[in-house]
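Trainee: Need the 3D shape of this:
(2 chains)
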Amino acid sequence: MNEVNRVRWRCRRGMLELDLVLARFVDRYYARFTPDQKRLFGDLLTLPDNDLWDMLTREEVPGADEEMAPLLRLLRRC
Amino acid sequence: MTNVAKRTFDTLVIGAGGGGLRAALQLADAECHVAVVSKVFPTRSHTVAAQGGINAALGNVSPDNWHWHMYDTVKGSDYLGDQDAIEYMCRSAAQLVYELEHAGVPFSRLDNGKIYQRPFGGQSREFGKSQATRTCAAADRTGHALLHALYQQNLRAKTHFFDEFYAVDLLKDADGYVLGVLAFEIETGEPLVIEARTTLLATGGAARIFQSSTNALINTGDGLGMTLRAGIPLQDMEFFQFHPTGIAGVGNLMSEAARGEGGYLLNAAGERFMERYAPNARDLASRDVVSRAIITEIREGRGCGERRDHVLLKLDHLGADVIKQRLPGIRELAMRFAHIDPIERPVPVFPTAHYMMGGIPTDRHGRVVAPAMFGPEEAVPGLYAVGECACVSVHGANRLGGNSLLDILVFGRAAGNHILEYLRDNPYPRETPPDALEVPLQRLRRWERPGKGETVYRIREEMRSVMERHCGVFRSGDLMTEGIRKVEELHDRLQHAVIHDRSKVFNTARIEALELENMMEIALAAIISAQARQESRGAHSREDFPERDDDHWLKHSLYFMEGRRMDYKPVRLKPLTAETFAPKARSY
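Mentor: The predicted structure follows:
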């Protein structure tokens, strides 16, 4: 409970669009995540809002590492 | 004060958006011991959503000067803006922009190397004669660039940050001095008293009180709730700006760029209805005109969709290439949130609440002012406010694009400077009375109560729906009287609501409950102020009083929580050095 609360709170962002996408994502997928995936998602949430938004909306993200790629694919569907 | 931990600073800033961080920087650079409290990490404040830019009469593209900017702002405010504050803001603008440039904001450039400026609605040369080009921008992410630069500068200047702390209530003594705040750490749930000789509220707007809103979820107006509970009124709360083209059902913005590039609105009959409402400007008429036209179409049965509750924004005639090249961000939003590709089909849109012009009454030094023994604007000692939560008032009844980032910077700096003076004059901390914590601690404990009751979520969504229907784009006396009754009922129901999570650690349900308590008081302030104002001015549009009435209503509203009563004070029509711009009919 506390852990998912913490993640949900960190999904509160400066832009409504990110609020909506991240909340959908957590609702749909977070419960089924492995500890590694949870850690990666936590890392993603430390990014600045506009960078995060770019990662979710651009087809190809230069510099995004391979480990992150499957997570980003899921996020882009939300 | 017994067992609650305590920290002490010279100054406390609540809110880490652009206004709070600009003030904090001013203070930290002057060796002041300053703390910033923020419920989310500082760079996630709503300032990042300000894409447009900052107005300053630099004259880099076409001739310009602060006096024309001042005229536009006074006229845009529908003459409700205070002209001394507006002059001060417009005169300071250029210097503030150069300071930002030095702080590291990467402004877009012209070919000659000067800061790029773009034209926005409501900007003019020579007092209304022709379009001006006044908005300085860092591509389409000016707010983001500004916030990050200010945050970095604050880290350098050793500002102390309380990240993920939620401020509950202001602490005051019997003489009315504000002495700091009771907050709690979200991570542990532990309360913390933060004492300071001066407290600056910079908690942002509250347009989340409406069902359809462009605002991020954090915009719950916490500072406004704290102000009301401290016995201080809120000013001009009837004035909320609605943006005409939010994605229906979601609220986020299809920016004016969509219509600027040639997009237009259609009703259920496939008619380009703006031609009837604004024969010249059509779909590019000002925000309030387009919003009212959309609502009228829907009310007269010409709305689209099964429930006839929206209109359509048509872009497909522009062709795939134009949409992909010039409106990629808008296409992305439509596809993601409306599940529609605007290259193929029009996008359902509905007016959406965007910006709060009213707020905590301040003077142009950022000092919170309230009626007291010797007049309507006496400073509350130790308390300051800046940004969207404050009403200084430079936006009056309607804000111009590009003026909100300017507002937060100008008055963030001004408040910082005045706080330094106050700290010099008041070198010793006052003692916090032992009973000052009682009421705020009770507010916290109230949500630990077990038992059955309604959920916070349900009451919040009902409140937002009532505000939208009863206090939205169009207003009338009867509609609002009924709306007030409904919000009062919801307010009572909230007293009996429960949350099911009673843990201490990361109890976000409790935060949402405290946020709703703030939003509920703000909703009451907005609808009661709106019902009282019997005229139409700027963003406040009454069907039963369709004209502006300067004889009776050229004055600021003040709403007090106690007794839910209204009071009024005059508009400051006298600028600092310029001549007064006397009220005239506002047409574009």
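
Trainee: When you work out contacts or count neighbours from here on, use the C-alpha atoms and nothing else.
Mentor: Noted.

Trainee: Which helix in chain A has the most residues?
Mentor: Longest helix in chain A, counting residues (DSSP state H): helix A:16-29.

Trainee: Do any residues in stretch B:148-162 lie close to chain A?
Mentor: No - using Cα under 8 Å from any Cα of the partner chain, stretch B:148-162 stays clear of chain A, with a minimum separation of 8.9 Å.

Trainee: Give me the contacts around that stretch.
Mentor: Stretch B:148-162 is contacted from outside by B:18, B:21-22, B:24-25, B:28-29, B:33-38, B:42-43, B:100, B:103-105, using Cα atoms under 8 Å, 6 or more residues apart in numbering or on different chains.

Trainee: Flag every buried residue along it.
Mentor: Residues B:148-154, B:157-162 are the ones in stretch B:148-162 that count as buried (16 or more other Cα atoms under 10 Å in any protein chain shown).

Trainee: elements contacting the lowest-mean-pLDDT helix or strand in chain B?
Mentor: Among the helices and strands of chain B, helix B:257-260 carries the lowest confidence by mean pLDDT, DSSP states H and E, at a mean of 83. Taking 3 or more Cα pairs under 8 Å, 6 or more residues apart in numbering or on different chains; DSSP states H and E as contact, there are no helices or strands that helix B:257-260 lies on.

Trainee: Break down chain A into its helices, ranges please.
Mentor: With DSSP H, the ranges of helices along chain A come out as A:2-10, A:16-29, A:35-45, A:49-57, A:69-76.

Trainee: got those helices as JSON lines, with mean pLDDT, distance to chain B and mean neighbour count columns?
Mentor: What follows is these, written out as JSON lines (pLDDT from 0 to 100; distance: least, Cα to the nearest Cα, whole Å; neighbours: other Cα atoms under 10 Å in any protein chain shown):
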{"stretch": "helix A:2-10", "mean pLDDT": "91", "distance to chain B": "6", "mean neighbour count": "16"}
{"stretch": "helix A:16-29", "mean pLDDT": "95", "distance to chain B": "4", "mean neighbour count": "17"}
{"stretch": "helix A:35-45", "mean pLDDT": "93", "distance to chain B": "10", "mean neighbour count": "14"}
{"stretch": "helix A:49-57", "mean pLDDT": "89", "distance to chain B": "7", "mean neighbour count": "17"}
{"stretch": "helix A:69-76", "mean pLDDT": "87", "distance to chain B": "9", "mean neighbour count": "15"}
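
Trainee: could I get those as JSON lines with distance to residue B:63?
Mentor: As requested, those are exported to JSON lines (distance: least, Cα to Cα, whole Å):
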{"stretch": "helix A:2-10", "distance to residue B:63": "45"}
{"stretch": "helix A:16-29", "distance to residue B:63": "37"}
{"stretch": "helix A:35-45", "distance to residue B:63": "44"}
{"stretch": "helix A:49-57", "distance to residue B:63": "33"}
{"stretch": "helix A:69-76", "distance to residue B:63": "45"}
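
Trainee: picking up where we left off before, dump the least confident helix or strand of chain B to CSV, keeping only the CA atoms.
Mentor: Extracted C-alpha coordinates of helix B:257-260, given in CSV (Å, rounded to 0.1, in the frame of the first residue of the first chain):
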residue,chain,number,x,y,z
ALA,B,257,-2.2,27.6,-32.4
ALA,B,258,-4.7,25.1,-33.8
ARG,B,259,-7.0,27.9,-34.8
GLY,B,260,-4.1,30.2,-35.7
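
Trainee: outside of the helix or strand that it is followed by, which residues touch it?
Mentor: Later in the chain than helix B:257-260, the nearest helix or strand by DSSP states H and E is strand B:264-266. Residues outside strand B:264-266 that contact it (Cα under 8 Å, 6+ apart): B:272-274, B:283, B:311-315.
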